[in-house]
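A.B. asks: Attaching a predicted model along with its sequence, questions to come.
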Amino acid sequence: MLDREGFRPNVGIILLNAQNEVWWGKRVREHSWQFPQGGIKYGETPEQAMFRELEEEIGLRQEHVKIVGRTRDWLRYEVPDHFIKREIRGHYRGQKQIWFLLRMCARDNDVNLRLTDHPEFDAWRWHEYWVPLDVVIEFKRDVYQRALQELSRFLTWPVHGNPPPHRHTSRYLRQPHAPRTHEAQHCEAQHCEALEAAVAVAVAEPAAEPTPEPALLAPEHKE
């Protein structure tokens with residue numbers, strides 16, 4: 001589905017933990033890392049597409065997250081011709097995206113990269129909010145930077161000041177989970193409330209003066 005200008009509607013997802021670190025996924029059989037994203041199907045709203053992609057790509061459902069914010073308008077990037085299939089060159093120009101900022105209320109081990117037969121990622125990790133933009137494919141860097149910058153206003157403590165120790169551990173493909181019980185879903189709701197309370201306390205504490213941040217960026221192209 002393309003708009004009149006040749007852009008495919010798409011959603012991007014920036015998922016936060018309680019420390020305002022972002023979920024960073026490694027593309028299957030590639031050395032590139034990126035945020036989850038995917039196309040909007042005919043008849044879907046951006047929010048519906050976001051929740052579908054969230055479950056398909058990383059195994060989390062609507063009850064596992066809270067929407068913190070979204071970009072006001074579409075963010076567009078054009079795809080170079082050599083990345084475009086020959087039969088759609090001249091019609092397809094690139095992607096236009098609505099980006100969502102989510103707060104994860106579930107546990108790390110609720111992430112499931114093997115929910116579908118064609119996983120997008122084979123490993124993941126938490127990364128500080130300002131991801132290194134030089135590891136993102138060049139034609140997507142501007143959109144990543146704009147999305148991170150616009151959505152940073154929703155963060156509840158300054159991401160530039162005194163971040164928690166960075167964790168480099170990567171997590172790999174996991175087998176599908178057993179169906180979740182009502183008690184487990186109730187625990188997740190309580191966990192969300194606890195996270196909100198912890199964030200509220202952090203907001204009340206004085207923050208260090210922000211320092212200038214280097215340019216951002218993230219990983220590889222996904223059609």
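C.D. replies: Ah, there it is. Here the structure is a predicted model, which means the values were calculated and not measured.
A.B. asks: any idea of the pLDDT on residue 79?
C.D. replies: We have a pLDDT of 95 for residue 79.
A.B. asks: Please tell me how far it sits from residue 118.
C.D. replies: 21 Å (Cβ to Cβ, to the nearest Å). Bear in mind the C-beta positions are built from the backbone N, C-alpha and C, glycine included.
A.B. asks: Compare those two and say which is more crowded by neighbours.
C.D. replies: residue 79 (19 against 6; other Cβ atoms under 10 Å).
A.B. asks: so the more buried one makes contact with residue 143?
C.D. replies: No: counting by Cβ atoms under 8 Å, residue 79 stays clear of residue 143, with 11.5 Å between them.
A.B. asks: what's the neighbour count on the residue nearest to residue 94 when sequence neighbours are not counted?
C.D. replies: Leaving aside its sequence neighbours, residue 94 sits nearest to residue 78 (Cβ to Cβ, 6 or more residues apart in numbering; 4.0 Å). Neighbours of residue 78 under the rule other Cβ under 10 Å: 13.
A.B. asks: ok, residue 78 - contacts?
C.D. replies: By Cβ atoms under 8 Å, 6 or more residues apart in numbering, the contact list for residue 78 reads 93-94, 139.
A.B. asks: mind running it again at 10 Å?
C.D. replies: 6-7, 84, 92-95, 139 (Cβ atoms under 10 Å, 6 or more residues apart in numbering).
A.B. asks: just residue 37 next, same as before
C.D. replies: Contacts of residue 37 by Cβ under 10 Å, 6+ apart are 10-13, 49-50, 53, 57, 95, 97, 99, 120, 140, 143, 221-222.
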